[in-house]
Every structure is written in structure tokens, then in C-alpha cells.
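**Q** only geometry, no sequence info:
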């Protein structure tokens, strides 16, 4: 009986060499690039087709791709295996260590086969024949790799140089990184170099020993994360704080280039890593002129070209030896011989904060724009506004109640002026958008209360109404004498914070919109200058919250404290200011803030924004409140109209999460404000201060979606 081989598929990459088709949210392993399903599904089926012997199949994938992974697993017998989800990518050394740990804990010191998820391999039988040819060497403790005899000089692959041949198994002399063209030609002429397929076969114990000798930190950190993992029917999930502590490097650097006595099997199968548009031209169905043409394309007098249109009509005349790939939001054009360099484009886009590398607009993945419109409209106009116009109003003492219970009864809490102002603003927005409720009476009721109860003896407001008096108070008592923003308190004591400045920016923009007077834009521009010079960190794309008197981040954890919800708020405000002022470079800052919040600020279990994370992306406040989710909707709407990618699917997804977790579980017209990291409600009441966030965000959603349902 053949020995058990425990197989692992590595599916954590983003496939940037095939941009704009392959992107972070939908990388190349989930695409059908050569027929017969996604690359991942084909890889899994190949492993399941071993002629004889037990072959449990595991998958190491990004947690953010869990839904796609489960779709590709459907109908495939994993023989007792299953998915292992990484909360963040830590490169291939961590994946191989994880594969070894899983095998040792469940099967003992068995053979382990590790394969990429996105390679084109001819037949399962030839593949397994090559793997079995290396099994004897692996059983003796050697690490076995698989090489392909080169057929042309190739600069996109790593190489393996071999020496002695022992019954079809070669001794490896060295591994070589991707060469330039002249070196690749020399390798081809030498005859002792093979393309490195990135496929590994080894005993789990032998790989453990190799990590102990060369990279014990990687093994120990991976082991800590593995033993702290949670397991359910959908897969194994590693904790982010432990998994992110694993040093990030490739298995080649960590082990293979340093270990001795490595064996190589000359693979007997056809192989292509489909890592460039040239490779897709090589394997795709070509016409009589050597072109691979896919999608809605009209090509005349073209030769040896890869031309793909996903979405709109693409036409080309007289193209020779080029790659042209067009999606709904991006087009890539290059000589096929240079198509490997698309990663340079991706790097430049990411540096400038463009989101086209992260989100896919492909029509087969777009949720219909306005899908939530009917539910949103009903919740606003039939449930929420009527309830808060009745139960939220303090008819006896004036103003608006600070909070309601889940039975809609008002709770006796001290009233904050900002809550009064927010309620007034929300009812004004509702009136402007067509609500036929008593908006005028409610607005007057709130203003009367603020005018009668909200003054301080210095002429300001307890947290402000008459615009001229308000601005006079700001200038006289809250303006920093050094002209670096405003003070949090009229006494100037305590830390400096970015958040009050954000709300001032919001107010200045609102006054400019209401009056058209550029004086308010000039006030806003001073806050924008602070954002550029102090609030925004260009390295991490994050926004600081707490600063000392010289606008340096305060010491300790608070200096690293960032709030994804504020990233979303700033993003939409920057887009707004850019449109009014002409400072269009701020759109790039907005994209970076949004990208940072999405990448590092979301709870992977719920998709909701955390309360706070460090600049390095570690959760500091794991509670998800309702207002950041509303601000995420506003930010996605703003970015969607600012010249970037099509974010309509992102908008629908954000609205969906807001309803799934915060609105639908609550009584009619109310919401669950606080949710823990496992998705459980922590709310004891419904704060009125959130009403304005929800009303404004969802009204903007109605404004931006067509009446379809």
C-alpha cells in the first residue's frame, strides 16, 4: 500500500502579475484562466485524483477569501482535510511551517506535499507519477523539490542547478533567483538548470528540524498561533495577534537556500505558473495568427497577442506581440515580452492610494446597485424617523432625549449639546430628502432648547448655535495662538486631538455649502493643512488621534491609536473639500485612509470596523459600534465618485453589514450600537447621537442609487 501523503495547497497570494484581472479581493487562483474551472478548484481535483494511497487535502488561504474558498471546495472530497485560514499573509515559510505542524499533530511524521494553488499542470496521472518518484528520497529525510527542463530562456521563473543524478533524483547544487535574459540563455545552454515549480515534498519531522536549524523563530511563532487557533466546521482560524507575529519570508530564503542534501525530481508533467500575460498567451486557445482573444474584442491584423476585454468592447488594429487587458475600470497595455513588469504598475498605484489593485468591478461579482434601496427607504421613512420624532423628543423639558431603551422609552440621561445639534441636523436632512413628517416643528424645538439652555458665560456653547457669535468664540477662546489649529478646551489644557478638528472641518464645509462664502473654505483649509502636516502618517496610511502640544504623537499606546471610523469620516470630508477647493491630490489621501481602514481595521469575523487599531493593524478596541459602519458607507460613496474604481459592490456590502449586524436585530426604528468581536450585542440602550450618522449615510445612499426596486 502506498504511504499516506498529506497535501497542502497554498492559496494566499494576490497574483499582482496578472493585474488588472487579478486583484486583492479576487486573485488569480479564483479565476478560470484556461478552462475547466478556477485554478484553485483544478489544483484540488488534481490532488484528489491520486491513483492510490491516503491523501488528506488541506488548503492554506487568506481568511478574507473564505467565501470563495468554500465555493471552490464544494463537491471535492478532501479525504479528511479542510481549510486553514490565515488572518494575514506571512509568506510561504509560515505556510510550510503550518503544514508541517498540522501533519505532525494529526498524522505524525508523515510525508507532506505542498503545492501552489495557481499553476497549470497537464494531467493528474503524470503529476502523481513525478511526486511518487520523489517519495523514497523524502522518506529518508531529504527535502525534495520538482524542476521543469527549460524550453526557452525565461526571466520570470526561479531556477534550480543540479549535480549528480541518483536513479532519476538529482542532487541540488543551488537555487537561483529570477535571472536577466542573458543569464537565462546561459542556463538554457548549460543543461544543468531547471525551472523551480515551487512544489515541495518532505517528511514533516524533517521540515521541523530544518526550521529548528535555520529559522526557529518562524517555527515557534507559527506553533504558538496554531495551538491557539479555533476550529469549526468551516475551517481552522488562527488569531491575528499571534499569526501576525510570525516573521514574513519565503520558504526559499528561510530553508531551501540554506539546507543541505536537497533532492530534485525532474518533473514529467507539463507545467506553467500562469504568472504573466505571456504565459497565458502560451497556453490559451490561439487563432490562426497566434492571438489569444477573449471577451468582447474586435481585432484586425493582429499577431501573437493576448487581447482580453472584460466588460466594454475592446478593439485593436495592427497589434503584434502585445498584451492588452481591459476591465471595467482599468486597461493594461505592454509588449508581451515586458508583461512581467506589471508589478511595477501595481506598486505605483498602491503608493498613490489607488484602489484599483484591491477591488474588482467585474460584472460577475457586482451586487446590483441599489439592492438595499427598498429596505433602507422603509427603515428611514417608515420606522426610524417616525419613532424618533415621537419618542426621541422631550416635550416636557425641551430638546431631545439622549438615549432610548429597547422598549422605545426615553432614558433620563444628561443632555449633551452635540446630540441636540445632531438631531436638528438629521431632521433637516430628512426634510430636504422628502420626509413629510413634522421636521420644521422638531428643528424649531431643538433650536429653542439650545438657545435657552446651552450658553456659557463666555459666549460659547456647551459643546454652539448663533454662527457669528460661535465663530467669534472660536477665534477668541479656542484658537491656538501659534495658529496651529484649535484647542480642545478654552483653557488649553490636556492633549491635542485630531477628532475635534475633523468635526470643525465638517461644520465649515456645511457652512460653505449653505452660504457659498469662501471664508468658510479658508477656515477649513487650515484644518486640511494640519491633516497634511501632522495628522496623517504617510508610511502606514493612518490617522493619529492623540498628540502633544507640538503635534507629535503622545507616548505609549495612545500615540499609536487609530480609529477606522475616523479614517472613513476623514476620507469623505477630504473628497468633499477637494471638490470645492480644487486640491485634487487630497483624493489620493482619502483612498489611502479608506484602504488602510479596510485592510487593518475590520473584524474578520463580522466585516465590521473595530473601535481602534494600532498603526501596525493590531486591534486595540475590539468593539464594533454602529457609527463607523455608517461612515464607511459615506466614504465608499464619496470615493466612488472621485475617479477611482467602481465601488458600487463595496457600497452595497457596507450597507448590508450595517443592516445585518446593527439594524435588523434591533426593534423597529432602533439599532444595536455595540457589538463584540464575536458578533454578540453589548448594547444596553440606543444613543441618540448615532441617529445623525445613520440618517445622513443612508440618505446619501438613496441619493446615489437609482430607483430600481
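**A** That came through fine. Computed from a predicted model, the values in this text were never measured in an experiment.

**Q** look up the closest residue to the residue most central in space within the chain, ignoring the ones flanking it.
**A** Central residue of the chain (Cα atoms, centre = their mean): residue 599, 4.0 Å from the mean position. Spatial nearest neighbour of residue 599, excluding adjacent residues (Cβ to Cβ, 6 or more residues apart in numbering): residue 617 at 7.2 Å. Bear in mind the C-beta positions are built from the backbone N, C-alpha and C, glycine included.

**Q** count the residues that sit near the spatially closest residue to residue 643 that is not a sequence neighbour.
**A** In this structure, residue 643 finds its nearest non-sequential neighbour in residue 587, 6.7 Å apart by Cβ to Cβ, 6+ apart. When neighbours are counted by other Cβ atoms under 10 Å, residue 587 registers 22.

**Q** roughly how far apart are the residue nearest to the centre of the chain and residue 102?
**A** 27 Å (Cβ to Cβ, to the nearest Å).

**Q** thinking again about what came up before, so the residue nearest to the centre of the chain is in which element?
**A** helix 586-600 (DSSP states H and E).

**Q** show me what that helix is packed up against.
**A** strand 542-543, helix 564-581, helix 626-640 (3 or more Cβ pairs under 8 Å, 6 or more residues apart in numbering; DSSP states H and E).

**Q** how about these in TSV, adding mean neighbour count, mean pLDDT and distance to residue 150?
**A** Shown next, in TSV, are the helices and strands packed on helix 586-600 (neighbours: other Cβ atoms under 10 Å; pLDDT from 0 to 100; distance: least, Cβ to Cβ, whole Å):
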stretch	mean neighbour count	mean pLDDT	distance to residue 150
strand 542-543	26	94	45
helix 564-581	24	96	48
helix 626-640	27	96	45
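
**Q** the strands in the stretch 451-600 of the chain, which residues?
**A** 496-497, 536-537, 542-543, 546-547, 561-562 (DSSP state E, counting those that start in this stretch).

**Q** can you tell me what sits against the last one?
**A** Defining contact as Cβ atoms under 8 Å, 6 or more residues apart in numbering, one finds that strand 561-562 is touched by 542-546, 601, 612-615, 620.

**Q** and those, which two are the farthest apart?
**A** 546 and 601 (17.0 Å; Cβ to Cβ).

**Q** what about residue 315, how many neighbours?
**A** 12.

**Q** my read is that it contacts residue 298, right?
**A** Yes - with contact defined as Cβ atoms under 8 Å, residue 315 counts as touching residue 298 (4.5 Å).

**Q** what helices and strands are in contact with whichever strand or helix holds residue 212?
**A** Following DSSP H and E, one finds residue 212 within helix 204-214. Applying 3+ Cβ pairs under 8 Å, 6+ apart, we find helix 204-214 packed against helix 91-106, strand 111-116, helix 216-227.

**Q** now render the ones you listed as JSON lines, adding mean pLDDT.
**A** What follows is the helices and strands packed on helix 204-214, written out as JSON lines (pLDDT from 0 to 100):
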{"stretch": "helix 91-106", "mean pLDDT": "95"}
{"stretch": "strand 111-116", "mean pLDDT": "95"}
{"stretch": "helix 216-227", "mean pLDDT": "96"}
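
**Q** mind putting those into CSV with mean neighbour count and distance to residue 435?
**A** What follows is the helices and strands packed on helix 204-214, written out as CSV (neighbours: other Cβ atoms under 10 Å; distance: least, Cβ to Cβ, whole Å):
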stretch, mean neighbour count, distance to residue 435
helix 91-106, 23, 53
strand 111-116, 24, 55
helix 216-227, 18, 51
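
**Q** give me the below-cutoff pLDDT ranges for the chain.
**A** Applying pLDDT under 70 to the chain flags residues 1, 34-36, 352-353, 361-368, 453-493, 706-709.

**Q** any idea how far residue 129 is from residue 5?
**A** Going from residue 5 to residue 129 by Cβ to Cβ gives 13 Å.

**Q** neighbour count for those two, which is higher?
**A** For residue 5 versus residue 129, the count of surrounding residues by other Cβ under 10 Å is larger for residue 5: 23 against 15.

**Q** quick one: the helices in the stretch 101-250 of the chain?
**A** 124-139, 181-190, 204-214, 216-227, 240-243 (DSSP state H, counting those that start in this stretch).

**Q** and the contacts of the next helix or strand after the last one?
**A** Proceeding N to C from helix 240-243, the next assigned helix or strand is helix 251, under DSSP H and E. Among residues not part of helix 251, those counted as contacts by Cβ under 8 Å, 6+ apart are 91-93, 95-96, 200.

**Q** kindly report the same for stretch 263-272.
**A** Taking Cβ under 8 Å, 6+ apart as the rule, stretch 263-272 contacts 119-123, 126-127, 129-131, 133-134, 137-138, 142-149, 160, 162, 168-172, 194-195, 197, 199, 279, 282-283.

**Q** out of those, which end up buried?
**A** Buried members of these, scored by 16 or more other Cβ atoms under 10 Å, are 119-121, 127, 130-131, 133-134, 137-138, 142-148, 160, 162, 169-170, 172, 194-195, 197, 199, 279, 282.

**Q** gap between the two ends of stretch 650-668?
**A** 26 Å (Cα to Cα, to the nearest Å).

**Q** what does that stretch contact?
**A** Applying Cβ under 8 Å, 6+ apart, the contact partners of stretch 650-668 are 359, 367-369, 371-372, 375-376, 379, 383, 387, 406-408, 606-608, 624, 626, 629-630, 632-633, 636-637, 640, 671-673, 675, 679, 681, 686, 694, 697-698, 701, 704.

**Q** let's see that with 7 Å instead.
**A** For stretch 650-668, contacts defined as Cβ atoms under 7 Å, 6 or more residues apart in numbering pick out 359, 367, 369, 371-372, 375-376, 379, 383, 406, 606-608, 626, 629-630, 632-633, 636-637, 640, 671-672, 675, 679, 681, 701.

**Q** before we move on, what about stretch 575-592?
**A** By Cβ under 7 Å, 6+ apart, stretch 575-592 touches 352-355, 509, 512, 521, 524-525, 528, 536, 541, 571, 574, 638-639, 642-644.

**Q** again with stretch 208-221
**A** So stretch 208-221 is contacted by 93-94, 97, 100, 104, 143, 245-247, 254-255, 258-259 (Cβ under 7 Å, 6+ apart).

**Q** quick one: stretch 37-49 to chain centroid distance?
**A** 26 Å (Cα atoms, centre = their mean, to the nearest Å).

**Q** buried sites along that stretch?
**A** Those would be 38-48, for stretch 37-49 by 16+ other Cβ under 10 Å.

**Q** please identify the buried residues of whichever strand or helix holds residue 349?
**A** Here residue 349, judged by DSSP H and E, is contained in helix 342-351. Neighbour-count burial for helix 342-351 flags 342, 345-346, 349-350 (criterion: 16+ other Cβ under 10 Å).

**Q** next one: stretch 227-242
**A** 229, 235-238, 240, 242.

**Q** SS state for the residue nearest to residue 330 when sequence neighbours are not counted?
**A** Distance criterion Cβ to Cβ, 6+ apart; nearest residue to residue 330, sequence neighbours excluded, is residue 20 at 4.0 Å. On the three-state scheme (DSSP: H, G, I helix; E, B strand; the rest coil), residue 20 is labelled coil.

**Q** now residue 20: phi and psi?
**A** Main-chain torsions, residue 20, degrees, to the nearest 10: phi -90, psi 0.

**Q** and it, how many neighbours?
**A** Neighbour number of residue 20 under other Cβ under 10 Å is 25.

**Q** chain center to the strand or helix carrying residue 444, what's the gap?
**A** Assigned by DSSP H and E, residue 444 belongs to helix 439-453. Helix 439-453 sits 43 Å away from the centroid of its parent chain (Cα atoms, centre = their mean).

**Q** in the helix holding residue 599, what's buried?
**A** When burial is assessed from 16+ other Cβ under 10 Å, helix 586-600 yields the following buried residues: 586-598, 600.

**Q** next helix or strand past that helix?
**A** Assigned by DSSP H and E, the successor of helix 586-600 is strand 612-614.
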